[in-house]
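[1] what follows is a predicted structure for the sequence shown.
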Amino acid sequence: MRKTALSIALLALCACTPRGGDAPSADAVADTPDAAAEATATHAFDDAIVEADFAEHVRMLAYDEFAGRGPGTAGEEKTIEYIKAQFARIGLQPGNGGDWFQTVPMVETTADESTTLELKVGDATQSLKFGSDMVVGTRTGQPLVSIKDSDLVFVGYGVDAPEQQWNDYAGIDVKGKTVVMLVNDPGFHAGDARLFDGKRMTYYGRWTYKFEEAARKGAAAALIIHDTEGASYGWEVVKNSWSGPQYDLPAKDDPEPRVPVQGWITGDAASALFKAAGQDLAKLRAAASKRGFKPVPLGATASLELKSSTIEKSSRNVIGLLPGSEKPDEAIAYMAHWDHLGTHEGESGDNIYNGAVDNATGVAGIIEIAEAFRKAKTPPKRSILFLAVTLEESGLLGSKYYVAHPVIPLDKTVGVLNLDALAPIGKAHDITVVGSGSSELEDLLKPVLAQQKRKIVGETNTAAGYYFRSDHFNFAKAGVPALYIDTGSDLLEGGQAAGDAASKDFNDNRYHKPGDQFDAATWKLDGIVQDLQAAYSVGDVLANGGQWPNWYKGNPFKAARDAMRPAASAAK
């Protein structure tokens with residue numbers, strides 16, 4: 001047992017309850033970022049992965065003084081200094097050359113929430129209000145984007161997938177027009193397993209793809225019709241996530257196309273629009289879920305003047321390195337995103353989005369795993385990177401930037417293990433592998449779980465597209481095998497029903513809401529500790545062996561891995 005190096009300010013925070021209390025001012029902590037390595041706090045950290053240490057990290061990262069860990073804010077400064085202090089205390093080395101941080105350039109854009117979207121059908125105008133009826137934004141970096149009488153076209157699910165023989169844009173030029181589309185995949189609402197992956201979301205079902213495709217087609221604006229089942233979250237999550245500051249990489253650092261205006265409209269607003277246009281949204285949804293669908297001009301126009309404030313800022317990834325004793329040029333990586341939604345000024349009541357589960361748990365997890373590796377009797381043969389990345393909530397931007405600027409080349413990166421939103425609901429008979437059936441990393445996890453008398457299961461809600469919503473996905477697209485593990489759902493206490501109920505409760509009441517707070521009284525951490533031990537064991541095998549796991553045959557990311565490591569692929 002040892003004392004941890006933290007700042008005096010953080011020591012004072014540790015002594016407080018998770019919310020409220022006589023904490024030091026935010027400015028006092030932010031003004032002395034280097035003090036985190038100069039003092040000693042009262043919590044004694046164990047070498048092993050234990051509940052008390054994990055809870056302490058989560059409690060700190062989700063504390064009110066960290067202000068929801070918003071990128072580019074004083075809350076970021078507290079957060080990254082805390083992570084840095086923990087990495088230094090453990091004995092890791094700065095992972096970005098001689099630096100703990102990797103600067104991620106970003107553009108902060110905040111839309112004027114007095115913006116209205118005017119939809120005109122004949123002489124009738126439907127005026128949609130920001131927040132209650134729609135949310136829109138721009139990724140152009142422009143302070144004013146205007147759209148005047150842009151023709152509205154319903155393009156089904158907004159998908160152009162040649163390998164699926166599917167093109168929702170067939171036969172129409174949408175340059176300068178506003179496309180309206182459905183969330184998720186064509187097979188989802190129809191419940192047809194023959195279309196795409198049926199209820200399991202593919203990348204074509206993600207809103208990020210839909211906006212990118214609209215940009216490739218030259219649309220002036222793109223609007224997704226929200227429905228709770230298809231999105232896997234309610235309108236409040238959309239409103240909270242898309243209101244306030246939004247972040248992007250500068251265009252020069254992000255080659256993906258950008259549509260001038262993108263956003264969401266509520267199902268009620270969409271139904272009213274389609275009815276005014278002489279269409280039935282339910283019937284068009286059914287038609288769009290059948291092969292051969294053709295886009296439908298709505299005989300309506302969209303107009304808006306979107307004013308935004310834009311600021312060029314930067315955020316930072318935190319990178320710790322444990323050098324390999326024999327193969328330091330080869331590395332495995334543990335990663336978790338440290339950012340959350342910050343604070344929403346102007347909201348009544350609690351406006352701090354603490355993000356305790358999402359994703360203070362993941363950051364606490366990689367810190368605990370780092371400590372276990374650093375204090376092991378023998379150092380790992382391969383290097384281990386610990387990546388706490390930023391801007392996940394803004395489109396996986398921190399990991400995207402890292403993949404474009406890796407500190408260890410991707411062809412020397414053996415694999416990635418991602419921790420995101422671990423559920424404090426107790427032990428389970430299983431562990432969830434999001435996107436199960438993807439890579440040979442699962443073959444390393446199975447014997448570890450067998451020792452724990454557990455098994456792998458896929459995510460329960462395959463329609464939510466979780467595989468495309470966390471930072472491992474940028475590594476996957478680049479070809480690096482990635483394992484995204486999450487808490488199991490078949491609980492020792494209460495079984496599958498209890499696990500499903502806990503998941504629904506979090507999604508309905510705390511996900512991307514101020515209620516995502518640390519709660520020492522109700523959280524059950526023994527299951528998370530078991531999950532972290534499993535993640536540690538997989539990394540231990542990789543760090544001390546010679547394996548180069550690949551994607552399973554047929555996986556869309558295998559070609560990229562084979563291209564970066566052709567000799568290894570040929571040997572198999």
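    Sure, I can see it.
[2] what does G75 show for phi and psi?
    G75 adopts backbone torsions of phi -60, psi -40, taken as degrees, to the nearest 10.
[3] same deal with G539?
    The phi/psi pair for G539 (degrees, to the nearest 10) is phi -60, psi -30.
[4] same thing with the one 3 residues further on?
    Its backbone dihedrals place L542 at phi -70, psi -40, with angles given as degrees, to the nearest 10.
[5] correct me if wrong: it contacts R382.
    Yes - with contact defined as CB atoms under 8 Å, L542 reaches R382; the gap is 7.0 Å. Every C-beta, even on glycine, is put in place using the N, C-alpha and C of the backbone.
[6] need the overlap of contacts for these two.
    Shared contacts of L542 and R382 (CB atoms under 8 Å, 6 or more residues apart in numbering): 332, 414.
[7] where along the stretch 101-250 of the chain do the helices fall?
    Remark: helices assigned in the stretch 101-250 of the chain by DSSP state H, counting those that start in this stretch are 186-190, 207-216, 228-231, 235-242.
[8] can I get these in JSON lines with mean neighbour count, mean pLDDT and distance to E305?
    Listed next are those as JSON lines, based on neighbours: other CB atoms under 10 Å; pLDDT from 0 to 100; distance: least, CB to CB, whole Å:
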{"stretch": "helix 186-190", "mean neighbour count": "23", "mean pLDDT": "89", "distance to E305": "34"}
{"stretch": "helix 207-216", "mean neighbour count": "21", "mean pLDDT": "94", "distance to E305": "20"}
{"stretch": "helix 228-231", "mean neighbour count": "17", "mean pLDDT": "92", "distance to E305": "27"}
{"stretch": "helix 235-242", "mean neighbour count": "19", "mean pLDDT": "92", "distance to E305": "18"}
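[9] tabulate these (JSON lines), appending distance to R316.
    As requested, these are arranged in JSON lines below (distance: least, CB to CB, whole Å):
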{"stretch": "helix 186-190", "distance to R316": "37"}
{"stretch": "helix 207-216", "distance to R316": "23"}
{"stretch": "helix 228-231", "distance to R316": "31"}
{"stretch": "helix 235-242", "distance to R316": "22"}
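[10] which one of these lies nearest to K290?
    With CB to CB as the criterion, K290 lies closest to helix 186-190 of the helices of the stretch 101-250 of the chain, at 7.4 Å.
[11] could you export stretch 394-414 as PDB, CA atoms only?
    Presented in PDB, the C-alpha positions along stretch 394-414 are these (Å, rounded to 0.1, in the frame of the first residue of the first chain):
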ATOM      1  CA  SER A 394     -18.100  14.900 -30.400                       C
ATOM      2  CA  GLY A 395     -17.600  12.200 -33.000                       C
ATOM      3  CA  LEU A 396     -14.600  10.200 -31.800                       C
ATOM      4  CA  LEU A 397     -12.300  13.000 -32.700                       C
ATOM      5  CA  GLY A 398      -9.500  12.400 -30.200                       C
ATOM      6  CA  SER A 399      -9.000   8.900 -31.300                       C
ATOM      7  CA  LYS A 400      -9.400   9.900 -35.000                       C
ATOM      8  CA  TYR A 401      -6.600  12.400 -34.500                       C
ATOM      9  CA  TYR A 402      -4.400   9.800 -32.700                       C
ATOM     10  CA  VAL A 403      -4.900   7.200 -35.500                       C
ATOM     11  CA  ALA A 404      -3.800   9.800 -38.000                       C
ATOM     12  CA  HIS A 405      -0.800  10.700 -35.800                       C
ATOM     13  CA  PRO A 406       0.100   7.600 -33.800                       C
ATOM     14  CA  VAL A 407       3.000   7.600 -31.400                       C
ATOM     15  CA  ILE A 408       3.700   4.000 -32.300                       C
ATOM     16  CA  PRO A 409       3.000   3.000 -36.000                       C
ATOM     17  CA  LEU A 410      -0.300   1.200 -36.500                       C
ATOM     18  CA  ASP A 411       1.400  -1.700 -38.200                       C
ATOM     19  CA  LYS A 412       3.400  -2.100 -34.900                       C
ATOM     20  CA  THR A 413       0.200  -1.800 -32.800                       C
ATOM     21  CA  VAL A 414      -0.800  -5.400 -31.900                       C
END
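[12] residues contacting the nearest residue to V541 once chain neighbours are set aside?
    Closest residue to V541 apart from its sequence neighbours, by CB to CB, 6 or more residues apart in numbering: L444 at 5.4 Å. Contacts for L444 (CB under 8 Å, 6+ apart) come out as 538, 541-542, 547, 549.
[13] tell me which residue is most central in this structure.
    S470 (3.5 Å; CA atoms, centre = their mean).
[14] thinking that one is in contact with G395, fair?
    No - at 11.5 Å, S470 does not count as touching G395 under the criterion of CB under 8 Å.
[15] report pLDDT for the residue of the chain most remote from its centre.
    Outermost residue of the chain with respect to the C-alpha centroid, by CA atoms, centre = their mean, is D123; its distance is 42.7 Å. D123 carries a pLDDT value of 92.
[16] got it, and T42?
    For T42, the predicted pLDDT is 77.
[17] okay, and it sits in which element?
    For T42, the enclosing helix or strand under DSSP states H and E is strand 39-45.
[18] please state the offset of the very next helix or strand once past that strand from the chain centre?
    Helices and strands here follow DSSP H and E; after strand 39-45, the next one along the chain is helix 51-61. Relative to the chain's own centre, helix 51-61 is displaced by 21 Å; criterion: CA atoms, centre = their mean, to the nearest Å.
[19] what does stretch 264-279 give?
    Distance, centroid of stretch 264-279 to centroid of chain: 30 Å (CA atoms, centre = their mean).
[20] buried stuff in that stretch?
    264-266, 269-274, 276-277, 279 (16 or more other CB atoms under 10 Å).
[21] now flag whichever of these is closest to P71.
    Closest to P71, out of all of those and judged by CB to CB, is W264, at 21.8 Å.
[22] output the strand or helix carrying that closest one as CSV, restricted to C-alpha atoms.
    Secondary structure from DSSP H and E places W264 in strand 261-265. The C-alpha coordinates for strand 261-265 follow below in CSV (Å, rounded to 0.1, in the frame of the first residue of the first chain):
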residue,chain,number,x,y,z
VAL,A,261,-26.2,22.1,-42.3
GLN,A,262,-27.0,18.9,-40.5
GLY,A,263,-29.3,18.0,-37.7
TRP,A,264,-32.4,16.1,-36.5
ILE,A,265,-36.1,16.8,-36.4
